[in-house]
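*Asks:* here's a sequence, model it:
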Amino acid sequence: MPTTNSTTTQPRRVVTSLSKIRDEDFGYAQARHLLLRAGFGGTDEQIRTLVQWGPEAAVDHLLNFEEIPADADRRDAFDHNIIHPRTTAEQQSLMRARQSKDEDVLAQFRTMRQKAQRADRTQMREIQRWWFTRMIQSPRPLQEKLTLFWHGHFATSFRITEDSYHMYSQNRMFRANAAGNFADLLRAIIRDPAMLKYLNNNQNRKSSPNENFAREIMELFSLGEGNYSERDIKDGAKALTGFTFRDDAFYFNKNGHDNNTKQVLGMSGNFDADGFVNAILFSPACAPFICAKIYKFFVADIPTDVKELTGPQRTVVRNMSSMLQDQRYALKPILRRLFLSRHFYDASVMGNKIKSPLELVVGAVRTLNVPIRHIPHLTEAMDMMGQSIFLPPSVKGWDGGRSWINTSTMYVRQNTLAYMLTGHRINESYVNRNKYNPTNLVAAMNDPRLDNNPPPMLIANQLLDLVLGSRPEGAAKILVDAANKVDKPNSAKGITTMLLLITSMPEYQLC
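*Replies:* Okay, the predicted model is just below:
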């Protein structure tokens, strides 16, 4: 028989183990990866500090964020009274005007309502900017990242709620429960005024059940499609009857609640919304669904339908869900196990997730120390990139993954980074308006070779390690050549030029 010299290349085996990464395997790349996924990125100094601490201390520092002092999350930070129920006197006046067809009085009420709505829209923009700034500045990046996760999971939009303070209150609730217990989150969301309005449960009464909230709780928030029946939806809706709100607070309308026996997910009884939640938590589909959502947000873009998972991802999600059940839905142990796991740092995971617009913009500030700039410009840019906080596209939240990238959003992504680095907007000439001095970025790097006129190639490679997480072949030379054309490579203009090129690379869109 003829012989052949050809060989078959075996695909690299993905590590599926949730066992802890060894201290000696936790280097610069791994610490950078942790800061990107369990936050929004970090400086060279922060990365090297985590390497020095080792994986357990690094993860615990991020995860035990309640031990880190931070700005108070105050209930009175925004005006709760812009949108409010009419007083008894106003109700009576409006009723008389309608009965007598007094157009002047009716016009006054319309004007009052329109004025309040304009003020509320203005406050919603202020709240957007407040949270965006908080994500950038908070010493608790994982808490804000988890708040963002729950905002996308229990997606609620201001377009429907039309009450900025309710959206702010919901945001505070997500932050307070960020790494707590999923059962507590479910019990909080069925009492949340923004969600109750968004999914019409304020219209859900025993005389006229509204099934919207019951359906979405099971399909999108806890179990996944196909893991419940139409009977479960109908009786779940009955369990939720009477759960509504008055002004800014939850209110249980006993007269509107159905007190008959319900059958939900194999459980039977005269239960209310808390009984409905308990039935969900006892379902074998709940923990796998939540773990798949956590995995998709923090690890890799996967289908949220657990039945569609295969290979390593199926194995990891299954192991996570077993642990979540054992922990009675406590989230912190699951997150700790995940962020310390060998799987989390596998080559198939690192650098293979598309950044959301928020991860892109917030990460640029937290990694490169660029100025925050004019926040309305940045929030407008994120909207153009497809992610406007407090305004998710639907109850499903943001699809993420490939949906973030198209020809239009790539144009905005690259120009937003250029604006952040240089201070000039699209079609403006190059002016470094922001007093951003990237030489400080290089000087802060913990490498003695960067002192006193460092070699240009060293600067380029260190920037690639920090900003890109890799050194594509030939990239450093391209960066140095480009820097030489505008100034010295170690000058502010030269380093800015290199950063502009790095942030325009396809790899920069990944984390």
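*Asks:* let's check: the centremost residue of this structure is which one?
*Replies:* Closest residue to the average C-alpha location of the chain: residue 148 at 2.9 Å, with Cα atoms, centre = their mean.
*Asks:* wait, is that one part of a helix?
*Replies:* Yes. Residue 148: assigned to a helix according to DSSP: H, G, I helix; E, B strand; the rest coil.
*Asks:* all helices of the stretch 151-300 of the chain, in order?
*Replies:* Ranges of helices in the stretch 151-300 of the chain, per DSSP state H, counting those that start in this stretch, are 158-161, 164-176, 182-189, 193-198, 212-216, 230-239, 273-282, 286-298.
*Asks:* which residues are in contact with stretch 394-410?
*Replies:* For stretch 394-410, the external contacting residues (Cβ atoms under 8 Å, 6 or more residues apart in numbering) are 151-153, 155-157, 198-199, 216, 220, 296-297, 301, 354-357, 384-387, 392, 509. Backbone N, C-alpha and C define where each C-beta goes, glycine included.
*Asks:* tell me the buried residues in it?
*Replies:* Residues 395, 397-398, 400, 404-405, 409 are the ones in stretch 394-410 that count as buried (16 or more other Cβ atoms under 10 Å).
*Asks:* report the rounded mean pLDDT for that stretch.
*Replies:* Computed over stretch 394-410, the mean pLDDT rounds to 97.
*Asks:* first-to-last residue distance for it?
*Replies:* 23 Å (Cα to Cα, to the nearest Å).
*Asks:* run through the stretch 301-450 of the chain and note the low-pLDDT ranges.
*Replies:* Within the stretch 301-450 of the chain, the segments meeting pLDDT under 70 span 425-434.
*Asks:* what helices or strands is the helix or strand of the chain with the lowest mean pLDDT leaning on?
*Replies:* Here the helix or strand of the chain ranked lowest by mean pLDDT, DSSP states H and E is helix 439-443, holding a mean of 87. Under the contact criterion of 3 or more Cβ pairs under 8 Å, 6 or more residues apart in numbering; DSSP states H and E, helix 439-443 touches helix 456-463, helix 492-503.
*Asks:* okay, those in a markdown table with mean pLDDT next?
*Replies:* What follows is the helices and strands packed on helix 439-443, written out as a markdown table (pLDDT from 0 to 100):
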| stretch | mean pLDDT |
| --- | --- |
| helix 456-463 | 96 |
| helix 492-503 | 96 |
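*Asks:* figure out which of these is closest to residue 32.
*Replies:* Nearest to residue 32, of all these, is helix 456-463, at 12.4 Å by Cβ to Cβ.
*Asks:* quick check: buried residues in the helix or strand harbouring residue 111?
*Replies:* Using DSSP states H and E, residue 111 falls within helix 103-137. Across helix 103-137, burial judged by 16+ other Cβ under 10 Å covers 120, 123-124, 127-132, 134-136.
*Asks:* what's the answer for stretch 331-341, then?
*Replies:* Buried residues in stretch 331-341, counted by 16+ other Cβ under 10 Å: 331, 334-341.
*Asks:* repeat that for stretch 448-456.
*Replies:* Within stretch 448-456, the residues that count as buried by 16+ other Cβ under 10 Å are 450, 454, 456.
*Asks:* apart from its neighbours in sequence, what residue is nearest residue 440?
*Replies:* Of all residues not flanking residue 440 in the chain, residue 369 sits nearest, at 7.3 Å (Cβ to Cβ, 6 or more residues apart in numbering).
*Asks:* contacting residues for that neighbour?
*Replies:* Residue 369 touches 43, 436, 440-441, counting by Cβ under 8 Å, 6+ apart.
*Asks:* same question for residue 472.
*Replies:* Counting by Cβ under 8 Å, 6+ apart, residue 472 has contacts 464, 505, 507.
*Asks:* hmm, try it at 10 Å
*Replies:* Contact partners of residue 472, counting by Cβ atoms under 10 Å, 6 or more residues apart in numbering, are 464, 478, 502, 505-507.
*Asks:* ok, it to residue 33 distance?
*Replies:* Counting by Cβ to Cβ, to the nearest Å, the gap from residue 472 to residue 33 is 17 Å.
*Asks:* what's the answer for residue 321, then?
*Replies:* For residue 321, the distance to residue 33 equals 23 Å [Cβ to Cβ].
*Asks:* do the same with residue 506
*Replies:* For residue 506, the distance to residue 33 equals 18 Å [Cβ to Cβ].
*Asks:* which one's more surrounded, the two?
*Replies:* residue 33 (22 against 9; other Cβ atoms under 10 Å).
*Asks:* residues touching that one, list them.
*Replies:* For residue 33, the contacting residues are 26, 41, 47, 339, 344-345, 349-351, 353, 469, 511, by Cβ under 10 Å, 6+ apart.
*Asks:* repeat that with 6 Å
*Replies:* Contacts for residue 33 (Cβ atoms under 6 Å, 6 or more residues apart in numbering) come out as residue 350.
*Asks:* re the thing from before, want to throw the buried residues of stretch 331-341 into TSV with secondary structure?
*Replies:* Listed next are those as TSV, based on three-state DSSP:
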residue	secondary structure
331	helix
334	helix
335	helix
336	helix
337	helix
338	helix
339	helix
340	helix
341	strand
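*Asks:* can you tell me which of these is nearest residue 415?
*Replies:* Among those, and counting by Cβ to Cβ, the member closest to residue 415 is residue 339, at 33.3 Å.
*Asks:* so residue 68 touches residue 141, yeah?
*Replies:* No. With contact defined as Cβ atoms under 6 Å, residue 68 does not count as touching residue 141 (9.9 Å).
*Asks:* of the two, who's got more company?
*Replies:* residue 141 (25 against 14).
*Asks:* not including adjacent chain positions, what is the nearest residue to that one?
*Replies:* Closest residue to residue 141 apart from its sequence neighbours, by Cβ to Cβ, 6+ apart: residue 39 at 3.0 Å.
*Asks:* which SS state does the one you found fall under?
*Replies:* The three-state assignment at residue 39 reads coil, by three-state DSSP.
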